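[1] could you look at this predicted model? Sequence included:
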Amino acid sequence: MPGRQRQFGIHMKILLAEDVRSIAAAMVARLGAIGHEVSVAENGRVAFHKFCASHYDIILMDIEMPEMNGFEATTHIRSFEATQKWAWTPIIFLTSSNSPENLVTAIEAGGDDFMVKGLPEPILHAKMKALARIANMRQQLSIANSELHEACKSAENARQQTAKALDDLRCAQAELIQSEKMAALGHLVTSVAHEINTPIGAIKSSGKSIADALDDTLKNMPQLFNKLDAPLRHRFIELINHAKRSNSELSTREGRAASLEVARRLEAAHIEDARRKAGLLVKLNVQSLLDDTLPLLRHAECELILDTAQSIASIIGSTRNINIAVERVSRIVYALKAFSSADENGEMIDVNLRQSMDAVLKDYQSQMLQGSKVVRQYEEIPPLWCIREDMQQVLSHLIHNALQAMDYQGTLTVGLRRLGDEAVVTVSDTGCGIAFENRDKIFDAFFTTRSSGEGCGLGLAIVRKIVDKHQWRIAFQSEPGVGTTFSINLPYPKTKS
Ligand SMILES: Nc1ncnc2c1ncn2[C@@H]1O[C@H](COP(=O)(O)OP(=O)(O)OP(=O)(O)O)[C@@H](O)[C@H]1O
Ligand SMILES: [Mg+2]
């Protein structure tokens, strides 16, 4: 009850509205004797004003009074209470006229009880206690009600704050996802630029070398052909054709060994400056034609012959480099296309995993070297509802990696089995294994341990994208020097859609 706190109990604060002084004095004496505090109002109006100014535990109200009778005073008090939202103060009418009309009017005006004056003390006291008790309960109810109301208000506030916090969180999450996507895209673009930059650099410098060498060749060629007779011209052309056809590129160590061997043979044949000439012949990759070359090396114009051959070797080498670089760029472009199309949605169908696996194995069969073995550990499993091209891509990258890890020689074991509601596909190799420090990186786009031109590090990034798209799960186990097993868990969807 806001504003008014009452102390109910034996000692009450009573407002007595009574115009007859002697009666009022007697009541004050009687009630005071049992510990109550009584304030007297000589008519209804005074009683109303007193009530408005202070609070009382109970009101004893006479009916007939000058200026404002008890009924009117009660009506005013109740209206005032309504505006103040106070609890209902008990009002007992005390009258000398115990008529039914008076009783009805008193109750309708807002009274709680009706008694004749001169009632024995204990009865009046008991009635006052009973009404005070009800008022007390009503007050507690009112307090509980307002507390409940406050609690509801704070709960609502808390709910609104939580809803707002949730909204803010969602916005922050969306921004985070967006910025992560942008960061990933930035990383990808940087990696692509880096990957493509190397071959483009090679193309550029090879182009320049070709242009320079072409100048020298065009200058030397007519002079050279004038000085060589027909058979030697023929030998020279043969030499160049052989160099052009030769595809095998020697490693630095092989080249050095070949140079030493050719130099030894040239020295044995009494050719001057054998080492330099040997180096050039090996560069042209014509060491197998050494005997045919000797007449050219013994010719008076040997230096011109070698200069021209060197220019031509440079053109041949640069052209080869350009081809390798272009091959690399187109491989990157192809892999990037596969990487971006991993997001696309193809047609969902029932895919027979056994057929998919066999089709991929067939593609790689010709690359496996002698002595290699493919072990198929297939269980009968139901077809999986998915995109066939996605499945083939995944299997193809895993099998290709497995073969590369074994240098195309070893045992490749592929498995298909059912585990609960899932199909499980495994690809194992007896290859080099994955170094411990690389395990966290193998699914990153452009992470590769292969030498330049052998791989661009997109295979497993594509696999991861497809696996995530279908909510499959991929894992691997690897032991360096022993081999690696990749496994994919493919849940059978509950409904096909
Ligand atoms: N079966 C495996 N055994 C050993 N290492 C593996 C195996 N599979 C993947 N790796 C390692 O993970 C790296 C990343 O593989 P990923 O397939 O993504 O790229 P890549 O094979 O190097 O190039 P790409 O697949 O684009 O031709 C490989 O370079 C290799 O180091
Ligand atoms: Mg790969």
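    Alright, I've got the coordinates. Ligands and ions are numbered 1, 2, ... in the order given.
[2] please make it C-alpha for all contacts and neighbour counts, starting now.
    OK.
[3] so where does residue 418 fall, helix or strand?
    Per DSSP states H and E, residue 418 falls inside strand 411-419.
[4] next, the buried residues of that strand.
    411-418 (16 or more other CA atoms under 10 Å).
[5] what of stretch 23-40?
    In stretch 23-40, counting by 16+ other CA under 10 Å, buried: 24, 27-28, 31, 36-40.
[6] list the contacts of residue 72.
    44, 109 (CA atoms under 8 Å, 6 or more residues apart in numbering).
[7] in what helix or strand does it lie?
    Counting by DSSP H and E, residue 72 is part of helix 70-84.
[8] show the subsequent helix or strand relative to that helix.
    Criterion used, DSSP H and E; the element after helix 70-84 is strand 91-95.
[9] OK, contacts around residue 346?
    By CA under 8 Å, 6+ apart, the contact set of residue 346 is 387, 389.
[10] that one should be in a helix, yeah?
    No: using DSSP: H, G, I helix; E, B strand; the rest coil, the assignment for residue 346 is coil, not a helix.
[11] what about the closest residue to ligand 2 within the stretch 301-450 of the chain, distance to residue 364?
    In the stretch 301-450 of the chain, the residue that lies nearest ligand 2 is residue 401 (4.7 Å; CA to the ion). According to CA to CA, to the nearest Å, residue 401 stands 11 Å off from residue 364.
[12] higher neighbour count, the two?
    residue 401 (20 against 14; other CA atoms under 10 Å).
[13] three-state assignment of that one?
    helix.
[14] give me the domain ranges for this protein.
    13-119, 202-337, 346-491 (automatic domain parsing).
[15] okay, now the unreliable bits of this protein?
    Across the chain, the ranges flagged by pLDDT under 70 are 1-10, 85-87, 247-248, 452-453, 496-497.
[16] show me which residues of it sit near ligand 2.
    Applying CA under 5 Å from the ion, we find that the chain lies next to ligand 2 at 401, 459.
[17] for the chain, which segments count as strands?
    Ranges of strands in the chain, per DSSP state E, are 13-17, 37-41, 58-62, 91-95, 113-116, 348-351, 373-378, 384-387, 411-419, 422-429, 473-479, 483-491.
[18] direction included, what does the third one pair against?
    Translated: strand 58-62. strand 13-17 (parallel), strand 91-95 (parallel) (DSSP bridges).
[19] and for the second one?
    Partner strands for strand 37-41, per DSSP bridges, with pairing direction: strand 13-17 (parallel).
[20] in CSV, list the C-alpha atoms belonging to the partner strand.
    Taking C-alpha atoms only, strand 13-17 is exported to CSV below (Å, rounded to 0.1, in the frame of the first residue of the first chain):
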residue,chain,number,x,y,z
LYS,A,13,-5.3,4.0,15.7
ILE,A,14,-9.0,4.7,15.5
LEU,A,15,-11.0,7.5,13.9
LEU,A,16,-14.3,8.0,15.7
ALA,A,17,-16.9,10.1,13.9
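[21] can you tell me what sits against it?
    24, 36-44, 47, 51, 56-62, 70.
[22] and with 6 Å instead?
    37-43, 47, 56-62 (CA atoms under 6 Å, 6 or more residues apart in numbering).
[23] which of the residues you listed tops the neighbour count?
    Neighbour-wise, the contacts of strand 13-17 (other CA under 10 Å) top out at residue 61, 29 neighbours.
[24] correct me if wrong: that residue contacts residue 93.
    Yes: with contact defined as CA atoms under 6 Å, residue 61 counts as touching residue 93 (4.7 Å).
[25] contacting residues around residue 384?
    Contacts of residue 384 by CA under 6 Å, 6+ apart are 350-351.
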